[in-house]
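Enquirer: need coordinates for the following:
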Amino acid sequence: RPRRGGRRGGFGGRGAAPTEPYEFHVLALDRKTGKQVWRTKVKEETPHEAGHQDATQASCSPITDGKHIYAYFGSRGLYCLDMNGKVKWEKDFGDMQTRNGFGEGSSPALHGDTLVVNWDHEGQSFIVAMDKKTGKQLWKQDRDEPTSWSTPLIVESGGKPVVIVSATNYVRAYDLKSGELLWKCSGMTGNTIPSPVVGNGLIYLLSGFRGAALLAVRYDGAKGDLNGTDRIAFSYDRDTPYVPSPLLYDDTLYFFKENRGILTCIDAKAGKVHYGPQRLDGVSMVYASPVGASGRVYIAGRDGTTLVLKRGPRFDVLATNTLDDGFDASPAIVGDELFLRGRSHLYCIAR
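Expert: Below is the predicted model:
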């Protein structure tokens, strides 16, 4: 948040940078009551870029191993906090120079004792792995990529953990332990934002800026350049998302067309379309990724409307709910509770 009413700046990311310091905080709320348990200010700094007009200077998602919280603010740093809000270590990666000043959004990935941050921008891009306990660098690999916003995905492949990163030039897979490049494939559009999802022995890679791309890749034990090989199980070249990630729910894959309330549902094993492109009544624009639980799919729109669909090959709307707010962040599901982060409030929806 801006500390003293500094200029936000930015129209679609092309405006002037802020002129006053921002404060960067990590907050803990009581899950039952919503009351603040603690708040820790980890940084105060004037951002060097305006960022996108629809985003904030804190667009990255925190992650946890249940013992510590890893809060990532991109150019403002990575912070490890204990469950009482005390900072244990921090890491500064420099200042990211994003395409058109669109801002930052990729989040860290965590597997075992290893944290991974991908840093694709208009300078020298890289991917780096760190010890989660100390922040010590384990390895770092330069990348030939322009700005991307996709969050890395860590999977088991060939009996070892592998980091998969979707980006404009190539999707690449790295050995988590050594950083060795294991395989790559091209096929994404520019401005890659959606994060990969995995299941059914496949990893699903999507992007949708000025084009459309979906690849389903047989990743286990893969090596080398996968283009033109039988490692590509199927592809799809229409109606894919620009910002939202897809939802893989059992053997069904859901995704939006660009950032619009138009949904496609396909068989995740064969690539056959079940339905779509299906226009969603009441949801015109979407940034949040769809989520699923208990046989239902939840879609949160930018205008405050959330649709509940029945999971499966037929389009069936079970409920439509509207709040006086707007949703750009993806919903989070914990047990029987659905958390929605709006522009003005955080909501907990429960039975």
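
Enquirer: now L115, what's its secondary structure?
Expert: strand (DSSP: H, G, I helix; E, B strand; the rest coil).

Enquirer: make residue 1 into 20 and carry on from there
Expert: Sure thing, new numbering starts at 20, so read that last one as L134.

Enquirer: quick check: bridge partners of it?
Expert: When assigned by DSSP bridges, L134 has beta-bridge partners L129, M149.

Enquirer: bridging residues for L365?
Expert: R360.

Enquirer: any idea how far it is from E175?
Expert: Relative to E175, L365 is positioned 34 Å away (C-beta to C-beta, to the nearest Å). Any C-beta I mention is one placed from the backbone N, CA and C, and that applies to glycine too.

Enquirer: now D161
Expert: 26 Å.

Enquirer: the more surrounded of those two?
Expert: Between D161 and E175, counted using other C-beta atoms under 10 Å, E175 has the larger neighbour count: 13 against 10.

Enquirer: quick check: next helix or strand after whatever helix or strand that one lives in?
Expert: Taking DSSP states H and E as the definition, E175 sits inside strand 172-176. As assigned by DSSP H and E, the chain's next helix or strand after strand 172-176 is strand 179-184.

Enquirer: return the distance of the following helix or strand past that next one from the chain's centre.
Expert: As assigned by DSSP H and E, the chain's next helix or strand after strand 179-184 is strand 190-194. Computed by C-alpha atoms, centre = their mean, to the nearest Å, the chain-centroid distance of strand 190-194 equals 17 Å.

Enquirer: parallel or antiparallel, which strands does strand 190-194 pair with?
Expert: For strand 190-194, pairing defined by DSSP bridges yields strand 179-184 (antiparallel), strand 200-204 (antiparallel).

Enquirer: which residues are in contact with E123?
Expert: By C-beta atoms under 8 Å, 6 or more residues apart in numbering, E123 lies in contact with 70, 78-79, 93-94, 115, 117, 168.

Enquirer: please identify which pair of these lies farthest apart.
Expert: Spatially, the most separated pair among those is S94 and W168, at 13.7 Å (C-beta to C-beta).

Enquirer: the two: which is more packed in?
Expert: Comparing S94 with W168 by neighbour count (other C-beta under 10 Å), the higher total belongs to W168, at 24 against 21.

Enquirer: which phi and psi does that one have?
Expert: Note on W168: its backbone torsions stand at phi -130, psi 10 [degrees, to the nearest 10].

Enquirer: from what I see, it and S125 are in contact.
Expert: Yes: taking contacts as C-beta atoms under 8 Å, W168 lies within contact range of S125: 5.3 Å.

Enquirer: hmm, who's touching stretch 78-88?
Expert: Applying C-beta under 8 Å, 6+ apart, the set of residues contacting stretch 78-88 is 45, 70, 89-93, 99-102, 107, 122-129, 151, 170.

Enquirer: and it, how far out from the chain's middle?
Expert: Worked out by C-alpha atoms, centre = their mean, stretch 78-88 lies 13 Å from the chain centre.

Enquirer: and that stretch, which residues are buried?
Expert: Buried residues in stretch 78-88, counted by 16 or more other C-beta atoms under 10 Å: 78-82, 87-88.

Enquirer: mind putting the residues you listed into JSON lines with secondary structure?
Expert: Below are the buried residues of stretch 78-88 laid out as JSON lines (three-state DSSP):
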{"residue": "S78", "secondary structure": "coil"}
{"residue": "C79", "secondary structure": "coil"}
{"residue": "S80", "secondary structure": "coil"}
{"residue": "P81", "secondary structure": "coil"}
{"residue": "I82", "secondary structure": "strand"}
{"residue": "H87", "secondary structure": "strand"}
{"residue": "I88", "secondary structure": "strand"}
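
Enquirer: cool, thanks, signing off.
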